[in-house]
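1. Dropping the sequence and predicted coords here.
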Amino acid sequence: MKKLLLGLGCVLLIAMPQLASAAPQAFDFLGQAAIPTSVGGALTMYSTVQEGSSTVVPPIPLDFDNYDYTIVVTDLVLDTDGTVQYYSNGTIVLYEDNSTVADYSDLSTFTDGTAILIGTISTLTRSVSTMLIPPYTVTISVNGTVDWTGGTRLDDMAPPDQLDWSFLAAGNTDPADVMPGFDEQWDGKVEPKEEIVGTDDASFGNMKASFRR
Amino acid sequence: MQSMRLILVTLLVAVAFVPSVQAEGVQIADYLGFAWETGGFLPSEAGDVFSFVGVTTDADPLLGVDLSQEEVTFYVYDLVSQGELVDNPAAGWTTILYSGGTLEMYRDAAMNADYGTYPPNGTVPSTFTDGTLLLKGTFTSFYVQIDPTGAGTYGGNADGVDGELITTCTGCIYTWGGAFTQDAGAQIPDGYDLQLDGVLEIDPAVRTQSESAWGAWKASYNSSNR
């Protein structure tokens, strides 16, 4: 009977849907994108990472008191053009830097510092829709997939947690918000689809003891 | 002498409303939050009510807020769906226009914003509406568009009607950003329908009412009426 109850308890623990009330995790960015004019061209984006808040936290701990963080996307190749554009095989890097302030008039200020996460954007779609009814707004939506493959902080995440992140953004072409040399302002984030759990160092002996308990 | 003072005050007001350096940008807050609609989203049925709470992740110095000491929160409510339509069949986007709606923005040293689950709940909207009212606006337009992947955008215009930042102005507030469902790969707390990641903009002609300029104007007004 005890075994039956224990088994039932285990099943319930596994099957109970998790109530997601923990703070969502994301690298929240605001940046500038240059859009290629023809197939084969490459999209680039330079952005600064926002510190976030207690309600949205970076997926790995970042030290905003002492460092600035930037996200840079390069070499994202336009494969198919149209109102929905399809891109592939871009590179995304999250930099940590405490020496220069990111400045859109000098893009090297976005790529100095330490590359703490390096990844690939395997696919990305950029959809442009012009509303046919008032207010006739032109809207731009961006949706891609990121796999982290390198960087000094890659090991802060377990291997399964490094893959299949979402790259989500909205685009804005208001000239007041677009910097010279760019085509769109992007407000977005890179986020895991599920919460990344931090790691704790423990000896094998401690782990075995925990298991026995 | 009284009329002279009045002229001076009028001049001061005029100076305060002159747009400052345009290159500063009109975006005063970058925020991220979550939205829900009565009856769920999608579909969005006519009459469903859309609400949203969010927290600022980056603020322009014009706000005069140190985000390490205070949080700036948003609460949007009473946006009534006009029903969804496929506005642009070639792209497959679903568009929903809304009527009504109010935006409120608060600064709060308690830093207690908590989404919880299944809003409204014990912390939503209460932990997003405590503190000092920075800005209150009534929407004159609002839309949400979602593409077939579950990613989309939203935007809206509002008139300023109250708040520490601005009191009244017409068509002076604009907010836009990305709207993402769980299908798009966005993390969304249980009971919410959308993640919204956006920017709040204020018309350059009114955003010059920084706290110091406004305070100086009020001081001048008070002294002229003594």
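-> Thanks, I have it. Numbers count the residues shown, from 1 in each chain, chains lettered A, B, ... in the order given.

2. Endpoint to endpoint, stretch B:117-129 covers what distance?
-> 17 Å (CA to CA, to the nearest Å).

3. before we move on, what about stretch B:139-152?
-> 20 Å.

4. And stretch A:51-66, by the same measure?
-> Criterion CA to CA; first-to-last residue distance in stretch A:51-66 is 12 Å.

5. repeat for stretch B:80-94
-> 16 Å.

6. how about the strands in chain A?
-> Under the criterion DSSP state E, chain A contains strands at A:27-34, A:42-49, A:68-80, A:84-97, A:114-130, A:138-150, A:165-172, A:184-191.

7. Do any residues in the fifth one lie close to chain B?
-> Put plainly, it is strand A:114-130. Yes - counting by CB under 8 Å from any CB of the partner chain, chain B has neighbours in strand A:114-130: A:Thr125, A:Ser127, A:Val128, A:Ser129, A:Thr130. Every residue, glycine included, has its C-beta placed from N, CA and C.

8. most neighbours, which of those?
-> Counting neighbours by other CB atoms under 10 Å in any protein chain shown, A:Ser127 comes out on top of the residues of strand A:114-130 next to chain B with 25 neighbours.

9. check contacts around that residue.
-> A:Thr83, A:Val84, A:Gln85, A:Ile140, A:Ser141, A:Val142, A:Asn143, B:Ala91, B:Trp93, B:Asp147, B:Thr149, B:Ala151 (CB atoms under 8 Å, 6 or more residues apart in numbering or on different chains).

10. pLDDT score for the last one?
-> By that I understand B:Ala151. Looking at B:Ala151, its pLDDT reads 91.

11. now the first one
-> In this prediction, A:Thr83 carries a pLDDT score of 88.

12. Below-threshold pLDDT in the chain: ranges please.
-> Since you didn't name a chain, this refers to chain A. Counting by pLDDT under 70, chain A has low-confidence residues at A:1-22, A:198-213.

13. switch to chain B, that's the one I care about
-> The low-confidence ranges in chain B, as defined by pLDDT under 70, are B:1-25, B:87-91, B:205-226.

14. what about the helices in it?
-> Secondary structure of chain B by DSSP state H: the helices cover B:2-17, B:204-207, B:211-224.

15. What are the boundaries of the strands in chain B?
-> Under DSSP E, chain B gives strands at B:27-37, B:49-59, B:71-88, B:93-108, B:132-146, B:151-162, B:169-180, B:194-202.

16. mind checking how far the closest residue to B:Tyr77 other than its chain neighbours is from B:Gly160?
-> Residue nearest to B:Tyr77 in three dimensions, not counting chain neighbours: B:Ser51, with 4.8 Å by CB to CB, 6 or more residues apart in numbering or on different chains. For B:Ser51, the distance to B:Gly160 equals 20 Å [CB to CB, to the nearest Å].

17. go on, A:Ala33?
-> 31 Å.

18. swap in B:Thr153?
-> 23 Å.

19. Of these two, which one has the most company?
-> Using other CB under 10 Å, the more surrounded residue of B:Thr153 and B:Gly160 is B:Thr153, with 30 against 23.

20. which ones are touching that one?
-> A:Thr139, A:Ile140, A:Ser141, A:Ala170, B:Val144, B:Gln145, B:Trp176, B:Gly177, B:Gly178, B:Ala179.

21. How about A:Ser105?
-> A:Pro180.

22. try A:Tyr69
-> A:Phe27, A:Thr48, A:Val49, A:Leu62, A:Leu94, A:Tyr95, A:Glu96, A:Asp97.

23. And the residues you listed, which is closest to chain B?
-> A:Thr48 (8.2 Å; CB to the nearest CB).

24. returning to that earlier point: number of residues surrounding the residue nearest to B:Tyr77?
-> 21.

25. Equivalent analysis for A:Leu117, please.
-> Neighbours of A:Leu117 under the rule other CB under 10 Å: 27.

26. measure it to chain B for me?
-> 18 Å (CB to the nearest CB, to the nearest Å).

27. What of A:Thr91?
-> Going from A:Thr91 to chain B by CB to the nearest CB gives 20 Å.

28. Repeat that for A:Glu51.
-> 6 Å.

29. List the contacts of the most centrally placed residue in chain A.
-> Most central in chain A under CA atoms, centre = their mean is A:Val190, positioned 1.5 Å from the mean C-alpha point. Going by CB under 8 Å, 6+ apart, A:Val190 touches A:Ala26, A:Phe27, A:Phe29, A:Ile71, A:Ile92, A:Leu94, A:Val146, A:Trp165, A:Ser166, A:Phe167.

30. Buried ones only from those, please, as a ChimeraX command.
-> Restricted to buried positions by 16 or more other CB atoms under 10 Å in any protein chain shown, the ChimeraX selection for the contacts of A:Val190 reads:
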select /A:26,27,29,71,92,94,146,165,166,167
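
31. List just the nearest of the contacts of A:Val190 to chain B.
-> Chain B lies nearest to A:Ser166 out of the contacts of A:Val190, by CB to the nearest CB, at 3.2 Å.

32. Right, I'll call it a day here.
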